[in-house]
Each structure stands twice: as C-alpha cells, then as structure tokens.
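J.: This is a predicted model, with the sequence first.
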Amino acid sequence: MGLFDKWFSRGGGSRKRLDLSSKYELDRHSFSGTMSKFRVAREIKTGDLYGIKLLDSEKRAYFEQRFKGLNKPEEGAIAIQMDHPCIVKTFEYGTTTKNEHYILMEYVCGPGLNTLINDKNPGLIPHRMSLLIQMVQSIDAVHEKGFIHRDICPRNFISYDDFKKLKLIDFGLSVPDLPEFRTPGNRTGTPQYMAPEVVRRRSTDKRLDLFSLGVTMYKLLCFEHPWDATDTSGLAALHHDQRPANDIMIHRPDLNPTLARIVMKCVEANPDNRPKDAKAILRAMADLKSDIS
C-alpha cells in the first residue's frame, strides 16, 4: 500500500453524510477562522461535548485548486492521522446532509494562546517552559507523520484553563512534506509568523514551521514581537528578512541564555541557520530547568 493509498484508505472515520441537527445540539456561538467556522456541539445521545469545524466550501475549493493533480489529502484526512497528547484529537470528517464539509474533534475547554498573550495574562508565566516544550513536541509529531503544518502561531494553540497544557489545532493549510508540495508559490499562513521563504515565494520545507514556532516562542516569553510588528497584513512579513529580529534579551535580560539562543536561531531568515528539525530543539531544551519562566 502506497503513502497516498494509506491516507485515503482510512476513510475519514465515516464517509456517510452527517445529519448534524439530529445528532448534535450546536452552541449558538460560532468562532470564525480563515476558511471555516467552529461550533461547540453536544451529542444528544450521550451529552458529550465535541468541537465541530464547518469548512467554507468556496474558500476551501480556492485553496485546494493550487494543488490540482497532486492528490493532496484533505484537511480531515491529515488531522485524523495525528495521535499525540499535544495535538487536538480528530474523530471523523466528511460531509453533512447540507453538503457542508465537517471535521469532528475533541473539545478543549480553554482560551487560545493568542488571547492569553495579547492580554499578557500573568497565569502563563509559571508554566511557560512547559508550554514551550509541548509546542515543540506537537510540531515534531506533525513532521514525524510526514506533514508541514504551515500555520504555526498562538491562535492555533488552545490552552487549558489552568495554563499547564496546550494543544495544536487547525490543519487547514497543512501539506505533505513531499517535493511537489515544497515548490515556490504557496504563500499561505499568518503574516506576522510567516517565514521569509514563504513570503518571497521560494522553495520551502518543514523549517518554515520552526521559524513560525520561534516567533510564537518569542511572544510567549516576553509578550513582544521580534520585529515590533503592528501591521497584521502580508506587508508585515516582508520585514522578516530585511533586518534581524530584535534580540529577545532586550525584552527579557533575565532569560536563560540557552533558551534565548534557541529562540533566536529559530527566527533566522536563512533556513540553513535554523535548527535542523524539531528534535534538535527538544535536545537543546532537554537540560533546561523546568522552572524557567
């Protein structure tokens, strides 16, 4: 069985059309993403809570058309392969009776890391080292499965209410880590976290996730952006190879120097100057004390 056969033979948990209203009660609040809406769903039969992601068909089709002829697995087919404690669990995916593409996943009760960082929430501070390690572990797990996430940013990490744990979400922009998906032209991601090679439409590899991870780590550690970015448009990402990132020690002179070097290596403009992979980051962090904040 080939790699693509394995992706599609999983069947997505269920290929039947889901009658959403007959099986779940949907919370009246929805949260909009780039290409989807997220709803909290209570299973009528059991009372269990889940998260349901409903994809925007037009935006999804527009994104997928750039991979026409490449047999790219859909988001649900990628997400359901992820089985790691730091990645949100996907249970099934398919189409509803209203012809909506959906992904059913575990519900994590907690805020997005972006909200906590923007609020400079003091509850994060005692747990930052643990959260950093969990971030790297989640990305390593994605890469081990043979994919590039392509949208690592605080918005795509959900924290538990006690701030001790988080989970990576959203595989809407993810692609297989194969040559045909690393070619120039796929300029997608969150601008403030986007690697220079993505912005400049150069060839990419999994190290683009390490760059975005570095920016995310930087923000978690000092509540500042490496380039003092206030612009959230694509123009913000143009700074990422025009001048070096601000040294994190400017904002956190008390920060462990080894941890500071790890973060600054991740945000290097040249991918060759970044860590080789997520495992290399984990090895570098292994000797750091767990109480570093």
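T.: Thanks, I have the structure now.
J.: Look up the closest residue to the most centrally placed residue in the chain, ignoring the ones flanking it.
T.: In the chain, the centroid-proximal residue (CA atoms, centre = their mean) is Ile152; its distance is 3.8 Å. Using CB to CB, 6 or more residues apart in numbering and skipping residues adjacent in sequence, the residue nearest Ile152 is Ser212, 3.7 Å away. For the C-beta atoms, the positions are set from N, CA and C on the backbone; glycine is no exception.
J.: Sketch out the helices for the stretch 101-250 of the chain, chain order is fine.
T.: 113-118, 128-144, 196-199, 207-222, 248-251 (DSSP state H, counting those that start in this stretch).
J.: Glu74: which of these is closest?
T.: When these are compared by CB to CB, helix 128-144 sits nearest Glu74, at 16.1 Å.
J.: Centre of the chain to the closest one, how far?
T.: 11 Å (CA atoms, centre = their mean, to the nearest Å).
J.: separation between the residue nearest to the centre of the chain and Asp140?
T.: From Ile152 over to Asp140 the distance is 12 Å, taken as CB to CB, to the nearest Å.
J.: what do you get for Gln81?
T.: Here the criterion is CB to CB. By it, Gln81 lies 15 Å from Asp140.
J.: again with Arg182
T.: 19 Å.
J.: Thr95 too?
T.: Distance, Thr95 to Asp140, by CB to CB: 32 Å.
J.: Look at those two and report which has more neighbours.
T.: Asp140 (20 against 16; other CB atoms under 10 Å).
J.: So the more buried one is in contact with Asp277, correct?
T.: Yes - checked against CB atoms under 8 Å, the pair Asp140 and Asp277 is within contact range at 7.5 Å.
J.: who's in contact with Asp205?
T.: 148, 177, 182, 271 (CB atoms under 8 Å, 6 or more residues apart in numbering).
J.: Can you tell me which of the residues you listed has the lowest confidence score?
T.: Among those, Arg182 carries the weakest pLDDT, at 93.
J.: ok, it touching Thr204?
T.: Yes - counting by CB under 8 Å, Thr204 is a contact partner of Arg182 at 5.1 Å.
J.: Which of these two has more residues huddled nearby?
T.: Comparing Arg182 with Thr204 by other CB under 10 Å, the one with more neighbours is Thr204, at 23 against 18.
J.: What separation is there between Asp140 and Asp56?
T.: 30 Å.
J.: And for Val263?
T.: 34 Å.
J.: Repeat that for Lys165.
T.: Taking CB to CB, one finds Lys165 at 30 Å from Asp56.
J.: ditto for Met217
T.: Taking CB to CB, one finds Met217 at 31 Å from Asp56.
J.: Between the two, which is the more surrounded one?
T.: A side-by-side neighbour count of Met217 and Asp56, using other CB under 10 Å, places Met217 first with 24 against 17.
J.: Which pLDDT does the model give the more buried one?
T.: pLDDT, Met217: 98.
J.: Then Pro111?
T.: According to the model, Pro111 scores 92 on pLDDT.
J.: Repeat that for Ser174.
T.: At Ser174, pLDDT is 95.
J.: and it, how many neighbours?
T.: 23.
J.: these two touch, right, it and Ile139?
T.: No - with contact defined as CB under 8 Å, Ser174 and Ile139 do not form a contacting pair (11.4 Å).
J.: what touches both of these two?
T.: His149.
J.: Tell me where the stretch 1-150 of the chain is predicted with low confidence.
T.: Along the stretch 1-150 of the chain, segments meeting pLDDT under 70 span 1-16, 30, 32-34.
J.: any chance you could map the strands in it?
T.: 24-32, 36-43, 49-55, 90-95, 101-106, 147-148 (DSSP state E, counting those that start in this stretch).
J.: could these go into a markdown table alongside distance to Asp254?
T.: Below are those laid out as a markdown table (distance: least, CB to CB, whole Å):
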| stretch | distance to Asp254 |
| --- | --- |
| strand 24-32 | 36 |
| strand 36-43 | 37 |
| strand 49-55 | 38 |
| strand 90-95 | 40 |
| strand 101-106 | 37 |
| strand 147-148 | 34 |
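J.: Select, out of those, the one closest to Ile250.
T.: strand 147-148 (30.9 Å).
J.: and that closest one, how far out from the chain's middle?
T.: 11 Å.
J.: care to break the protein down by domain?
T.: Here the domain parsing of the chain from automatic domain parsing is 3-106, 113-285.
J.: Name the spans of the stretch 151-293 of the chain whose pLDDT lies under the cut-off.
T.: Ranges of the stretch 151-293 of the chain meeting pLDDT under 70: 229-236, 291.
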